[in-house]
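1. Requesting a structural model of the entry that follows:
(chains A and B)
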Number of protein chains: 2
Amino acid sequence: MNLFDSLPRNAAEEIFTELLKHQGVTIERIVSTGQSTPLETPYCQDHDEWVLLLAGSAGLWIEADGEYSLRPGDYMLIPAGQAHRVTWTSADPPTVWLAIHFPPV
Amino acid sequence: MNLFDSLPRNAAEEIFTELLKHQGVTIERIVSTGQSTPLETPYCQDHDEWVLLLAGSAGLWIEADGEYSLRPGDYMLIPAGQAHRVTWTSADPPTVWLAIHFPPV
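-> Okay, the predicted model is just below:
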């Protein structure tokens, strides 16, 4: 299985693909093509999430820290309960994320 | 933090770097520059491991399945108890792996 196969281009929405769900952990691929999280609806999760940017580029705002500009290879842990938003993503090349969702604690 | 920063080149050994240890899960970067696992000492672990090849190229032999040739984006789950070996890795560019070690069950 290859993560970069059949990357969607110019999709209207971000595309979330579960790669593995195992021992309460979910490994997910996210492909963004220009989308961002609306200002008024940040994410806020009941579990920790580790993200790694694999391709493209993106902005990630985390409540406690401010905004980061991410390039391929950048990774960070988004703690449970932290509001966060994707502020922008590159469309071409598509932005590809790997997300590891830990079990809620 | 960036996964591709300060990649070792021409290291004598494979280099294992723990990126995160969290809720019993370990996220690790492995950089290989031509090394392989000796025939007589395959890995065999008490836990499941998910691997993703990020850069370079490599061969991975898994007891139950045979040998795979991996390119960037290829991923697979190596079940606990399965003997496995890295049969070859590219040295230039260095081979970069992401490994997720699940808790032993």
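
2. tell me the pLDDT at the closest residue in space to A:Ile62 that isn't next to it in sequence?
-> In space, A:Ile62 comes closest to A:His84 once its chain neighbours are excluded; the distance is 4.6 Å by C-beta to C-beta, 6 or more residues apart in numbering or on different chains. Placement of C-beta: from N, CA and C, glycine included. At A:His84 the predicted local distance difference test score is 97.

3. measure A:His84 to A:Tyr43 for me?
-> Plainly put, A:His84 is 5 Å away from A:Tyr43 if you go by C-beta to C-beta, to the nearest Å.

4. Now list whatever residues contact both of the two.
-> Jointly contacting A:His84 and A:Tyr43 under the rule C-beta atoms under 8 Å, 6 or more residues apart in numbering or on different chains are A:Thr37.

5. which of the two has more neighbours?
-> For A:His84 versus A:Tyr43, the count of surrounding residues by other C-beta atoms under 10 Å in any protein chain shown is larger for A:His84: 21 against 13.

6. OK, contacts around the more buried one?
-> Remark: with contacts taken as C-beta under 8 Å, 6+ apart, A:His84 is in contact with A:Thr37, A:Pro42, A:Tyr43, A:Cys44, A:Leu60, A:Trp61, A:Ile62, A:Glu63, A:Ile78.

7. Just read off the phi/psi values of it.
-> Summarising the backbone geometry of A:His84 under the convention degrees, to the nearest 10, its torsions are phi -150, psi 150.

8. was I right about A:Tyr43 contacting A:Gly81?
-> No. A:Tyr43 is beyond contact range of A:Gly81, at 10.9 Å (criterion: C-beta atoms under 8 Å).

9. what's the helix or strand where A:Trp61 lies in contact with?
-> Here A:Trp61 sits within strand A:58-62, counting by DSSP states H and E. Strand A:58-62 has contacts (C-beta under 8 Å, 6+ apart) with A:32, A:36, A:42, A:51, A:67-70, A:76, A:78, A:82-90, A:95, A:97.

10. again, but for stretch A:14-34
-> Stretch A:14-34 is touched from outside by A:1, A:3, A:7-11, A:35, A:56, A:58, A:86, A:88-92, A:94-103, B:25, B:48, B:50, B:75, B:77, B:100, B:102-103, B:105, with contacts defined as C-beta under 8 Å, 6+ apart.
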